[in-house]
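Q: fold the following, please.
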Amino acid sequence: MKFRFKKFRVYQDSKDYCKFSRDIINKHIKKHDRNLADQIERALNSIVLNIAEGSADHSDAEFSRFLGISMRSAYETVAGFDLAALFEYIDEDLNKEVEDKAYVLVKLLASFRNKLKNKEI
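A: Alright, predicted model coming up:
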């Protein structure tokens, strides 16, 4: 494979979370608050793109740093959706579903980063 990040499960799962979340943004948030929608979308993109960017370097320490940025971006999406729920653009059930998916993704990112630090990948 020409680009090693494409083989990582966490990359695939990040894309799935991005798609799932963007569908919610397009259906529920954009019509009410374009700025919030754009901010959440940037954070979603950051999750995926930082995995790819970090994998390009041959330094595990640098890759680990980029995975940390991806994790922080996932946290940002949770806060964005929490604001959307506060402003009643989405209901609490949908917000909880996003949060649950983000939690799983953050755990995967953390696990992947730990494996990287321990040279298990």
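
Q: can you list the residue ranges for helices in the protein?
A: Listed in chain order, the helices of the chain (DSSP state H) span 9-24, 34-56, 60-86, 92-117.

Q: for residue 2, which of those is the nearest?
A: Set against residue 2 and scored by CB to CB, the helices of the chain come closest in helix 34-56, at 11.5 Å. Placement of C-beta: from N, CA and C, glycine included.

Q: how about that closest one: buried residues?
A: Across helix 34-56, burial judged by 16 or more other CB atoms under 10 Å covers 36-37, 39-41, 43-44, 46-55.

Q: next, the distance between the ends of stretch 23-38.
A: From its first residue to its last, stretch 23-38 covers 13 Å (CA to CA, to the nearest Å).

Q: mean confidence score for it?
A: Regarding stretch 23-38, the rounded mean pLDDT is 98.

Q: ok, residues contacting it?
A: Contacts with stretch 23-38, where a contact means CB atoms under 8 Å, 6 or more residues apart in numbering, come from 40-41, 80-81, 83-84, 87, 89-90, 94, 98.

Q: what's the closest of the residues you listed to residue 12?
A: residue 98 (18.4 Å).
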